[in-house]
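Participant: Predicted model and sequence follow; I will ask about them next.
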Amino acid sequence: MKACFLFGLTLSVATGCTSSYDVANEPAPDKHSFAQVNEDAKGQSFTISTVHGEEIDATDLFIGADSASFLEPSVLYTDKRSTIPTSSIKTIIIKHVGAGAVDGLVWGVIVGTPIGALAGAAAEGIQGEATPALATASVIVTAAALGAGVGAIIRHTDEYIFQSTNNNSQKEE
């Protein structure tokens, strides 16, 4: 029973949860604007992937129409900001601990509920303090707590995909 529970929880949460957003300079109903990405990235660490295959770990993002500026960990304690052309950004990945914990908690409850029901049914014939309701509740609460912990470690991922002319020409090659 425990092996099934751990396998289900690990399988469900191991992939993590990811949200993807298309990004454009101008606001559009189905796209995030640069201003929205700037707001979402405020106070977060993130990874920029460029169309040239470079990956940059950074913080303190500001995206403008022509360029994006940020602080890299190697120069974090200086006032020097790094800058790249906005057209060279392929994706920005931001990982959130809190949202990951919530995702994990939900998955823990989803996985723990049927296993808790089985544990409750198995506890029905046992004499003593283990009542079916207590067995069911304890499995669900344990699954939720484990799920929240694993989710906080794995984190929720927001992926911002930039739709520039440069990126589209890269895809066609």
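Facilitator: That came in fine, so what should we check first?
Participant: Break this protein down into its structural domains.
Facilitator: 2-11+98-154, 20-95+158-165 (automatic domain parsing).
Participant: Which of the ones you listed has the lowest mean pLDDT?
Facilitator: Per-segment mean pLDDT for the domains of the chain reaches its minimum on domain 2-11+98-154, at a mean of 77.
Participant: need the next SSE after the helix or strand hosting Val150, C-terminal direction.
Facilitator: Per DSSP states H and E, Val150 falls inside helix 132-154. Later in the chain than helix 132-154, the nearest helix or strand by DSSP H and E is strand 156-162.
Participant: Name the residue closest to the centre of this protein, please.
Facilitator: Central residue of the chain (CA atoms, centre = their mean): His156, 1.5 Å from the mean position.
Participant: if we can go back for a sec, which one of the domains of the chain is the most hemmed in?
Facilitator: domain 2-11+98-154 (a mean of 17; mean count of other CB atoms under 10 Å). No exception for glycine: its C-beta is placed from N, CA and C like everyone else's.
Participant: picking up where we left off before, on contacts alone, who are the packing partners of the helix holding Val150?
Facilitator: helix 2-14, helix 97-123 (3 or more CB pairs under 8 Å, 6 or more residues apart in numbering; DSSP states H and E).
Participant: and the angle from that helix to helix 97-123?
Facilitator: With axes from the mean of the first three to the mean of the last three CA atoms, to 10 degrees applied, the angle from helix 132-154 to helix 97-123 works out at 150 degrees.
Participant: Return the distance of helix 132-154 from the chain's centre.
Facilitator: The chain centre lies 20 Å from the centre of helix 132-154; the measure is CA atoms, centre = their mean, to the nearest Å.
Participant: same deal with stretch 47-64?
Facilitator: Centroid displacement of stretch 47-64 relative to its chain, using CA atoms, centre = their mean, is 17 Å.
Participant: Alright, that wraps it up for me.
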